[in-house]
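# with the input below, show me the fold.
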Amino acid sequence: MRAVRRHGRPLTFLRLSLKNFLSYRTGVLDFGDLVALVGPNASGKSNAVAAIKLLREIPIHGLPTAIARRGGFDQLRHRSSGHPYDPAIRLEFKFDEQPVSYYELRLRAMAGKRYEVKLEQAEVYYGGKKYLFRHSDGEFLWADHLDDEEADELIPHAGLEAVRVPPGQSVVSLGGPSFATYLVSTVLQEVQTVEINPARVAELQEPSSVREFEPDGSNTASVFESLTAPARKEVID
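Here you go, the predicted model:
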């Protein structure tokens, strides 16, 4: 995943960690300028992509819809000898040369194949400040604009009481009063995967003004033409 600019600041994705997610008991995917997932069928490629898509869709469509699009919570859970485990996802990234930031989501099974958010938390370094939030058992706490020497204690902002969050919802998709959730929301929406269909790429393509790849790579020519000359040369080489 190549670095992008968000609010004028370079954003770089570093690592995706999975636990009990689909076929992954545990798994770590380190990002670089270009990450290509190759391998035989049933080796976990699609499941890694599913995790990335889930993260991207949380701020856009909400956590319940993002999970439903993956087949529902029960389908997301890794199974060992028929016993399902609760899934967790962690995305690490950074702005500029700031320390590493992260967003983490852990889900917990409930009766009736339902789920709730066991833990949702983030620590984001942006513009020389630290932004934190933690969502657990329906309670949402946050702390904004912390200096490096300040403690990491999560307190309600400006004296407000902690916000209550409905079970199964993400504070990222709800918006929330915290700048930390806004930062995480914008970061997750920058995550993108492309599952290239060679047949679609080989077809004559309509001109596109979209700088992002279509999911099947059908606007590859337009994206390539939008690159700078040095970038096009780097792709070719």
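# rest of the way, CA atoms for contacts and neighbours
Noted.
# how many neighbours does residue 86 have?
19 (other CA atoms under 10 Å).
# just list the residues touching it, thanks.
Contacts here follow CA atoms under 8 Å, 6 or more residues apart in numbering; on that basis residue 86 touches 20-21, 77-78, 106-109.
# state the distance from the nearest residue to residue 101 once chain neighbours are set aside to residue 142.
Distance criterion CA to CA, 6 or more residues apart in numbering; nearest residue to residue 101, sequence neighbours excluded, is residue 124 at 4.6 Å. Distance check for residue 124 against residue 142: by CA to CA, to the nearest Å, it reads 12 Å.
# output stretch 103-110 as CSV, restricted to C-alpha atoms.
Extracted as CSV, the C-alpha positions of stretch 103-110 are listed here (Å, rounded to 0.1, in the frame of the first residue of the first chain):
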residue,chain,number,x,y,z
TYR,A,103,-6.8,1.1,15.3
GLU,A,104,-8.0,-2.2,16.9
LEU,A,105,-11.4,-3.9,16.9
ARG,A,106,-12.3,-7.0,19.0
LEU,A,107,-15.7,-8.7,18.7
ARG,A,108,-17.4,-11.0,21.2
ALA,A,109,-20.1,-13.6,20.5
MET,A,110,-23.5,-13.4,22.1
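# who's in contact with that stretch?
Counting contacts by CA under 8 Å, 6+ apart, the residues touching stretch 103-110 from outside are 86-92, 115-123, 184.
# so of those residues, which ones are in strands?
If you go by DSSP state E, the contacts of stretch 103-110 have 88-92, 115-123 in strands.
# now pLDDT, neighbour count and distance to residue 137 too, for those residues, in a markdown table please.
Below are those laid out as a markdown table (pLDDT from 0 to 100; neighbours: other CA atoms under 10 Å; distance: CA to CA, whole Å):
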| residue | pLDDT | neighbour count | distance to residue 137 |
| --- | --- | --- | --- |
| 88 | 96 | 22 | 16 |
| 89 | 97 | 22 | 18 |
| 90 | 97 | 20 | 19 |
| 91 | 97 | 22 | 21 |
| 92 | 97 | 20 | 23 |
| 115 | 93 | 19 | 12 |
| 116 | 93 | 19 | 8 |
| 117 | 94 | 21 | 7 |
| 118 | 94 | 19 | 6 |
| 119 | 94 | 18 | 7 |
| 120 | 95 | 23 | 10 |
| 121 | 94 | 23 | 12 |
| 122 | 94 | 23 | 16 |
| 123 | 93 | 23 | 19 |
